[in-house]
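Novice: quick one, fold the following:
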Amino acid sequence: RKTATMNARPLRLLPFIAALCRLTATSSFVPPVPSPQRCNPRAGSPTPTALSDMKRPILDRIATTLFRLETSRVDSSSVVDEKGREGEPMEWSEKGSLANGLSEVMAGPGYAFKQWVADVVAGEYDRAEVERKVEEFVRSDRVAMFSFSTCPFCRRAKDYLDERGITYVAMELDELEGNAGNEIRAVLGQKIRRTSVPSIFINGNFIGGCNDGPGLLPLAESGELDKML
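Specialist: Modelled structure (predicted):
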């Protein structure tokens with residue numbers, strides 16, 4: 001039964017893929033251009049990470065649609081928090097929130113689908129070079145975090161580290177040039193089996209996100225974080 005279920009998973013994606021193809025298969029479709037910028041009307045400043053022109057007729061349409069849906073979702077839900085930072089509501093990162101529950105599901109059972117999306121959006125790239133950059137960054141400081149500037153889970157993790165006076169380095173994937181952020185996210189997923197951010201490393205070892213995997217805050221509550229540091 002387990003084998004049959006696993007084999008059926010790719011088939012469940014077919015209606016979704018077909019729907020995306022229908023959405024993008026129009027005469028008015030414009031292929032993505034190299035390094036376009038996503039502008040947030042609230043912030044007034046562009047976020048450069050975007051899709052590159054990968055010259056893959058069908059996959060590019062799917063990738064572009066996924067990218068636009070995600071950026072539209074983030075922009076439509078963005079608010080300014082008490083520290084003046086713009087992004088999705090901080091309440092979403094609380095342990096008992098619906099958003100946190102969904103995040104844990106997607107980081108676990110939903111990993112395969114999210115990795116497929118990450119790979120499609122990343123397109124073609126020098127995998128060895130991106131892996132080198134990821135490893136170099138992970139080893140660059142005692143605490144290293146891959147982050148999105150608009151992600152409430154990332155901001156909560158950084159707030160905790162700041163409050164504790166713990167030094168760290170953070171790479172904002174949505175602020176990197178060209179398609180670099182999407183490429184790193186795809187490689188991260190292949191490396192640690194999750195594409196969600198934050199992805200936090202201590203002394204080169206992956207500890208999860210903010211609340212899960214086991215996660216920064218659970219480790220802090222149990223006292224394990226101090227031992228690791």
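Novice: I figured I207 was touching L219, is that so?
Specialist: Yes - using Cβ atoms under 8 Å, I207 is in contact with L219, at 6.2 Å. C-betas here are computed from N, CA, C, even on glycine.
Novice: shared neighbours of those two, which are they?
Specialist: M228 (Cβ atoms under 8 Å, 6 or more residues apart in numbering).
Novice: and for the nearest residue in space to L173 that is not next to it in sequence, the neighbour number?
Specialist: Spatial nearest neighbour of L173, chain neighbours left out: G181 (3.6 Å); criterion: Cβ to Cβ, 6 or more residues apart in numbering. Per other Cβ atoms under 10 Å, the neighbour tally for G181 reads 24.
Novice: tell me who's in contact with G181.
Specialist: T49, E172, L173, D174, E175.
Novice: can you report how many residues neighbour D212?
Specialist: Neighbours of D212 using other Cβ under 10 Å come to 19.
Novice: and what about it, helix, strand or coil?
Specialist: Under DSSP: H, G, I helix; E, B strand; the rest coil, D212 falls in the coil class.
Novice: roughly how far does it sit from D162?
Specialist: 21 Å (Cβ to Cβ, to the nearest Å).
Novice: same question for L176.
Specialist: Counting by Cβ to Cβ, the gap from L176 to D162 is 22 Å.
Novice: how about low-confidence regions in the chain?
Specialist: 1-57, 63, 67, 73-74, 90, 92-93, 95-109 (pLDDT under 70).
Novice: next structured bit after the longest helix along it?
Specialist: Counting by DSSP state H, the longest helix found in the chain is helix 57-77. Next helix or strand after helix 57-77 toward the C-terminus (DSSP states H and E): strand 79-80.
Novice: on that earlier part again, got TSV for the contacts of G181, with neighbour count and secondary structure too?
Specialist: Listed next are these as TSV, based on neighbours: other Cβ atoms under 10 Å; DSSP: H, G, I helix; E, B strand; the rest coil:
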residue	neighbour count	secondary structure
T49	26	coil
E172	18	strand
L173	23	helix
D174	22	helix
E175	16	helix
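Novice: out of those residues, the closest to E91 would be?
Specialist: For the contacts of G181, the residue nearest E91 by Cβ to Cβ is D174; the value is 20.6 Å.
Novice: wait, the closest one sits on T150?
Specialist: Yes - D174 is within contact range of T150, at 6.7 Å (criterion: Cβ under 8 Å).
Novice: what are the ranges of the strands in this protein?
Specialist: 38-39, 46-47, 79-80, 86-87, 143-147, 169-172, 199-202, 205-208 (DSSP state E).
Novice: could you identify which of these is most buried?
Specialist: Of all the strands of the chain, strand 199-202 carries the top mean neighbour count, a mean of 24, counting by mean count of other Cβ atoms under 10 Å.
Novice: packing partners of that strand?
Specialist: strand 143-147, strand 205-208 (3 or more Cβ pairs under 8 Å, 6 or more residues apart in numbering; DSSP states H and E).
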